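S.K.: Here is a sequence with its predicted model. Questions after.
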Amino acid sequence: MSEGPDVPQLALLNVEYSNAEPETYLLPLAIAFGQRARDLRSRWPEHVIAEVTSSVRNGDGDGILYDAVVDPDFLNALLGIIERRRRHRTSAGELLPGATQAFHQLGDGGADSPLEPRVLKVEQSNSSIVYGDRFILKLFRCIEGGLNPDLEIGRFLTSHSLFSHVPPVAGWIDYGFGRGEHRNLAILQGFVPNEGDAWQFTRAELGRFLETAATSSNPPPSTEKTLVELLELPEPDPIAAEMAGHYLDSARLMGKRVAELHLALASTADDPDFAIEPYSTLYQRSTYQSMHNLLSRVIRKLSSAASIVPKDLREQAQQIASHQRNIAVPFDAFLRCRMSIVRMRIHGDLHLGQLLYTGKDFAIIDFEGEPARPLSERRLKRAALRDVAGMLRSFHYAALTSTIEQLRTGALGKFDFVSMKPWADLWRTWSSWAFLKGYLEAAGAAPFIPKSRDELGILLDAFVMDKAVYELGYELDNRPDWLLIPLLGISQLLGLENSNTQKLIAPQSGIHESPRP
């Protein structure tokens, strides 16, 4: 960005693998000595990369090489690059900043609202920096060629003013090199004041629900009806309404906001990247084949990577692996279904962690798509119901993780997982019902909504199962201790009774309060 030994520099690191495609990572680097180095080592130990020694400096002693994302000067420089739209040439390429009208609208806060940067300490694959109460900058760490859908969809929604429940895009920084190839390094958006995300909000509501459930002397009512069949009911189950009525209203509002997002994304025919397209038979067969291919890869990996699977989950993993044919049944029904829906741009990785809770409403964030998929695939037009399936799976994640966590902390007294799981299922069922009710009511007769309930059921069954299989592969690759959730999810979707469920809920398992992938 600038010259000089003490000035932070942006480094692009190429990482090659023996069994995977190479990746490029962005790493801001800086060097500090003396008291500055000691302060950084104390406050940000995880950002220290290496110890360094300088023969030039006098009295400063040894220093450190560190990740400059915690350097306020570096962070202010990033904001300044966007504000001035000033290009910076390097030996290999060029930094290409851009800004929208929203930058000046949001940045005109006056001296009473300084844009002091602070790094968010949250678990994620990128780095997020908040400037005062007006901007948030996402610095992408894994850099891919092509247009990032987070920036693309954000700019589309911002420029068309179609949906107000997303943070407006204020600017960005690209890196250009070679023959006009660009890679997105950062996106700057308006900061949405919030009380956390919908995952945290949901976990808090679930905690209260489960504590109340533990005082009940009778088990909750169960239903043999599918979620789509339950849509015919005008009101939720009375016990669910009494114990979780406030959250059901929130889930319904989430569904409404997701439908409004989809209506906005499907609203234009002028932009070929966002215009809706028919769900052709060819694309239907291609989707079916992708579902089967993913299932085969995940089951093969699950079967061959027994050492990665926690010991207390191996029997459950083997059971799921043996039911590959049954898992594929919803995919076969999907292939036989006559489609009435369209393909369109969607969020692509929607779950409770992607909605911010503002205290009264919800805002939708992070349009990057599923992290395990390549960038080009994340920009494809898909069925809007894939986002709905992601939310339904997220309700399942929340219900199970909350129940497990409450049991391990002793918050539910003498109760065990077997006795509390029906209550978790009650909450998941009616939260999903409320979300889907809100979604369908707001979407109306939109072209991305199936024309019949039979078609709706077939598509949701296929997409929910496909999402659960994706989660199984994701957890196997990244968080094996979390395999319990997709394993139980697939078991439930298959209608399998697991006699070993109780011993799976072991105190040493590593499930914690982070959101799902």
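M.R.: Structure received. Numbering: from 1, shown residues only.
S.K.: What about the closest residue to Pro450 other than its chain neighbours, how many residues nearby?
M.R.: Excluding the flanking residues, the one nearest Pro450 by C-beta to C-beta, 6 or more residues apart in numbering is Leu456, at 4.4 Å. Where you see a C-beta, it was placed from the backbone N, CA and C, and this is true even at glycine. Residues contacting Leu456 under the criterion other C-beta atoms under 10 Å number 21.
S.K.: Tell me who's in contact with Leu456.
M.R.: Contacts for Leu456 (C-beta atoms under 8 Å, 6 or more residues apart in numbering) come out as Val228, Leu385, Ile449, Pro450.
S.K.: OK, contacts around the second one?
M.R.: Pointing back at Leu385 there. By C-beta under 8 Å, 6+ apart, the contact set of Leu385 is Ile341, Phe448, Pro450, Leu456, Leu459, Leu460, Phe463.
S.K.: Same question for the third one.
M.R.: Ile449 makes contact with Ile341, Ala384, Leu440, Ala443, Leu456, according to C-beta under 8 Å, 6+ apart.
S.K.: Pretty sure Phe463 sits against Ala383.
M.R.: Yes - with contact defined as C-beta atoms under 8 Å, Phe463 reaches Ala383; the gap is 7.0 Å.
S.K.: low-scoring stretches of the chain, by residue?
M.R.: 1-6, 54-61, 108-114, 122-124, 497-517 (pLDDT under 70).
S.K.: got the domain boundaries for it?
M.R.: 9-190, 198-217+226-504 (automatic domain parsing).
S.K.: quick one: buried residues of stretch 67-79?
M.R.: For stretch 67-79, burial by neighbour count (16 or more other C-beta atoms under 10 Å) applies to Asp67, Ala68, Val69, Val70, Asp71, Phe74, Leu75, Ala77, Leu78, Leu79.
S.K.: try stretch 184-197
M.R.: Those would be Asn184, Leu185, Ala186, Ile187, Leu188, Gln189, Gly190, Phe191, Val192, Asn194, Asp197, for stretch 184-197 by 16+ other C-beta under 10 Å.
S.K.: so the residue nearest to Pro450 is in which element?
M.R.: helix 453-478 (DSSP states H and E).
S.K.: what's the next secondary structure element after that helix?
M.R.: Reading on from helix 453-478 to the C-terminus, the next helix or strand found by DSSP H and E is helix 484-494.
S.K.: How far off centre is that next one?
M.R.: In terms of C-alpha atoms, centre = their mean, to the nearest Å, the centre of helix 484-494 is set 20 Å apart from its chain centre.
S.K.: and the angle for it with helix 453-478?
M.R.: Inter-element angle recorded for helix 484-494 and helix 453-478: 150 degrees (by axes from the mean of the first three to the mean of the last three C-alpha atoms, to 10 degrees).
S.K.: Which elements pack onto helix 484-494?
M.R.: Helices and strands touching helix 484-494, by 3 or more C-beta pairs under 8 Å, 6 or more residues apart in numbering; DSSP states H and E, are helix 314-321, helix 324-327, helix 385-409, helix 453-478, helix 501-504.
S.K.: for these, which one sits closest to Ala32?
M.R.: In terms of C-beta to C-beta, the element of these nearest to Ala32 is helix 453-478, at 31.8 Å.
S.K.: quick one, that closest one and helix 385-409 angle?
M.R.: Using the same axes, to 10 degrees: helix 453-478 against helix 385-409 is 50 degrees.
S.K.: Just the strands from the stretch 251-400 of the chain, written as ranges.
M.R.: Counting by DSSP state E, counting those that start in this stretch, the stretch 251-400 of the chain has these strands, from start to end: 277-278, 342-343, 355-357, 362-364.
S.K.: Most tightly packed of the domains of the chain?
M.R.: Of the domains of the chain, the one with the most neighbours on average (mean count of other C-beta atoms under 10 Å) is domain 198-217+226-504, at a mean of 19.
S.K.: Starting from Gly369, give me the distance back to Pro28.
M.R.: Pro28 is 24 Å from Gly369, where distance means C-beta to C-beta, to the nearest Å.
S.K.: ok, the helix or strand hosting Val130: who's next to it in the sheet?
M.R.: Per DSSP H and E: Val130 is located in strand 127-131. The sheet places strand 127-131 alongside strand 117-119 (antiparallel), strand 135-139 (antiparallel), with pairing taken from DSSP bridges.
S.K.: downstream neighbour of the last one in the secondary structure list?
M.R.: The reference is to strand 135-139. Next along the chain after strand 135-139, taking DSSP H and E as the criterion, comes strand 142-143.
S.K.: relative to strand 135-139, how tilted is the helix or strand harbouring Glu83?
M.R.: Here Glu83 is covered by helix 72-84, with elements defined by DSSP H and E. Comparing the axes of helix 72-84 and strand 135-139 via the same axes, to 10 degrees yields an angle of 100 degrees.
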